[in-house]
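> Let me see the structure of the following:
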Amino acid sequence: EGQPLGPAGLRTARRGMRIAAELGLPLLTVVDTAGAALNREAEEGGLAGEIARCLADMVTLPAPTLCLLLGQGAGGAALALLPADRVLAARHAWLSPLPPEGASAILYRTTERAYETADRQGVRSADLLAHGIVDRIVEEEPQDAAGEGPERPEHPSRDDAFLARLGATLGAELAALRAQDQAERLAARRARHRRIGLPG
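Numbering: from 1, shown residues only. Sure, this is the predicted structure:
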């Protein structure tokens, strides 16, 4: 949870995609990562290529696909698991190619303006929903939020009420995806991801 993803992790994800395609099963990707591993071993292991192959596999996979943004979604490793038929987000999840702290450090030479930078980047679930990157937000109880606060538990994703809501939402979304015509679903997925980032 929240750990950087290296080439081996992305290869494991791609194996899961192949199995889903072979068995005709829907695929669920869960994004909660601090980003791609930024070290020499990852680069020498073909990290950039694995990110590109994951993106290509996700866009072309014949199986129904659903992505859940559960926590932090930073960098290319998070984006590599995003191009699904439907994308859900926990209320306090976020997604950005560059974390707000990094953007703040580049723009202002301090990480103390990360909150302001996050506003400008539009990385929060509500921003992602407004821009068509996320389709649906799953509400979290205040005490199980992934954000700041003294009452945040050690393992926020283990709250029973949140997990019940999440399970019901995922089940309904997967059932709807399985009921769709495959050709129409794939065409809609390609069109959806071509539109991301384009002006309204």
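> The longest strand along the chain pairs with which strands?
Secondary structure assigned by DSSP state E gives strand 65-74 as the longest strand of the chain. Using DSSP bridges, the strands paired with strand 65-74 are strand 27-33 (parallel), strand 86-90 (parallel), strand 94-96 (parallel).
> Name the next helix or strand downstream of the first one, please.
Downstream of strand 27-33, the next assigned helix or strand under DSSP states H and E is helix 40-44.
> what comes into contact with that following helix?
Applying CB atoms under 8 Å, 6 or more residues apart in numbering, the external contacts of helix 40-44 come out as 6-7, 36. No exception for glycine: its C-beta is placed from N, CA and C like everyone else's.
> same check, this time on stretch 185-196
Taking CB under 8 Å, 6+ apart as the rule, stretch 185-196 contacts 59-60, 62, 64-65, 83-85, 131-133, 177.
> Could you check how sure the model is about it, as an average pLDDT?
Average pLDDT, stretch 185-196: 90.
> Which positions within it qualify as buried?
185-186, 189, 192-193 (16 or more other CB atoms under 10 Å).
> Span of stretch 56-71 from start to end?
23 Å (CA to CA, to the nearest Å).
> before we move on, the earlier item: most neighbours among the contacts of helix 40-44, which one is it?
A36 (25 neighbours; other CB atoms under 10 Å).
> Ignoring the adjacent residues along the chain, who's closest to it?
Distance criterion CB to CB, 6 or more residues apart in numbering; nearest residue to A36, sequence neighbours excluded, is A77 at 4.0 Å.
> Which element, helix or strand, includes the one you found?
Short version, using DSSP H and E: A77 is in helix 75-79.
> Work out the gap between the longest strand of the chain and the centre of the chain.
3 Å (CA atoms, centre = their mean, to the nearest Å).
> i'd like the first residue to be 500 from this point on
Okay, using 500 as the starting number, the last item reads as strand 564-573.
> Longest helix in this structure, please.
Criterion DSSP state H: the longest helix present in the chain is helix 659-678.
> Run through the chain and note the low-pLDDT ranges.
500-502, 538, 641-657, 696-699 (pLDDT under 70).
> try it again with 80
The model of the chain has pLDDT under 80 over residues 500-504, 533-544, 640-657, 695-699.
> residues touching D659, list them.
D659 neighbours (CB under 8 Å, 6+ apart): none.
> scratch that, L578 is what I was asking about
Contacts of L578 were listed using CB under 8 Å, 6+ apart, and they are 550, 554, 572, 594, 596.
> Please apply the same query to L628.
Neighbouring residues of L628 by CB under 8 Å, 6+ apart: 588, 634-636.
> and it, what element?
L628 belongs to helix 624-629, assigned by DSSP H and E.
> buried stuff in that helix?
624, 626-627.
> Same question for stretch 593-605.
For stretch 593-605, the neighbour count (16+ other CB under 10 Å) marks 593-595, 597-604 as buried.
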